[in-house]
Structure formats: C-alpha cells, structure tokens
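K.L.:
The following comprises the amino acid sequence and a computationally predicted model.
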Amino acid sequence: MMMNIASFFQSLIRLVALSLLVAVLVIGGFQTSELSAYALGYSGSSDCNYLNIDDVEGKYECEGQCVVKGISGLEFLGVLGETDTIEYLRINNEDLDPYNYYYDEYNPYDYENREDFYRVTVEGKDNFSEVEIGPLVGTTMQTATTQVSDNKFPVVEKYLFDARRYEGCEVKGFTKIVSNPTEENFKSCVVECSKITDSRF
C-alpha cells in the first residue's frame, strides 16, 4: 500500500514536471519567434512587405561625415545642407518603372524579383552637385555616379532604406554609404537622410 502511494506521488511529480517543461518550451519558443520576427523587421501588418519597398521617390535632407584624402593626408569632413532627390530613371522620356511595361511577361507585384532603376540628384554646399544612377533591389539601392561637380570619379554609393520602424512600412529615410576607392580621390562617408516630401518637385 505504501509503495502504491509512493509510486502515485512519483508519477504525479513527473507529470507536473513534464507539464512545466512543456509550458517553458512553448513560452520560450513563442518569445524566440517574437524576437526573431522583430529582428527581421516584421511590423505585424499583413500588408507590409518589409523586405521590399517601392516608395523611395522624393526629396531628402541629409547630413553625415566623411573621411577624405586632403592635402596633408586623411581628414574628417562634415556633410551638412545636402539634399538628395530620388526619381524613377527615364531615358528619352521612357519610364523604366516596371509598372508601366512588360505586363505580359513581368508581374509588377512580384516584389522579390523587382529591379527598378532610379536617378538621384545630389545638391550640397558650395554649389556641389552630383547625379547617380542605380537599381533598387529589395531595400537596397546601389548607384554609380554619372556626373559630379568636382570631377572626382569614381564614386559608388549604397542606399540602405529602412521602412520597418515606421507604420505601414513607409520609407521615411535611408543611410547612405559613399565610397571612392582611388588613391588620389579617396573618400568614405556615412550619411543619414530623412524624407521631406514624397514628390521630386
């Protein structure tokens, strides 16, 4: 009789321990999935495609800092008062926006395969100006400079758009990484830009 009671309590303890273990694993798994979702940028909205964006057109105010090669060697250079204007690339008045062509063989809603080309016009202090062209893939746009007022080529720029922190996944800004890897005109910059208007005009 005593052994049956002891066996009963042992079974009960095992059952309680197993239940607690399952509860911990379930809660822990839920929290892990929530953290993973947050880390990946889920907004909790079913119509928010956080890995792709398509509303980057507009004007942005920018500031940041560069390391450049000066007369006496490397030096820091601040970036203030810069305006970046992003628009769809048009060549001979042809709009390269995939929403306007290739409807028979290209699905404009297939966001994972979209490659949109954009033109970026940069205006800065002391009459500095620059024009860049490049594709937007996912949330990253990488451009090459076609014109620059100081004639310091080549310049490659990467735009990292982050819409995840905003309601509706709207693009409100980007981080720009600027590189000129040549020995003579070396430049490396990080620039933060905030959208001031959705229109390029």
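P.N.:
Yep, that arrived. Just so we're clear, the structure is a prediction, and the values are computed from it rather than from any experiment.
K.L.:
tell me the domain boundaries of the chain?
P.N.:
What automatic domain parsing lists as the domains of the chain is 1-40, 58-197.
K.L.:
Just give me the lowest mean pLDDT stretch among these.
P.N.:
With a mean of 47, domain 1-40 has the lowest mean pLDDT of the domains of the chain.
K.L.:
partner strands of the biggest strand by length in the chain, parallel or antiparallel?
P.N.:
Assignment by DSSP state E gives strand 73-88 as the longest strand of the chain. Strand 73-88 has the following strand partners under DSSP bridges: strand 58-70 (antiparallel), strand 116-123 (antiparallel).
K.L.:
what's the last one in contact with?
P.N.:
Residues from elsewhere that reach strand 116-123, judged by C-beta atoms under 8 Å, 6 or more residues apart in numbering: 54, 56-57, 82-90, 96-98, 128-136, 141, 143, 157, 159. Just so you know, the C-beta spots here come from the backbone N, C-alpha and C atoms, and that holds for glycine as well.
K.L.:
let's go with 6 Å and repeat that
P.N.:
By C-beta atoms under 6 Å, 6 or more residues apart in numbering, the residues outside strand 116-123 that reach it are 83-87, 89, 96, 129-133, 135-136, 143.
K.L.:
Among those residues, name the buried ones.
P.N.:
84, 85, 86, 87, 89, 96, 130, 132, 136, 143 (16 or more other C-beta atoms under 10 Å).
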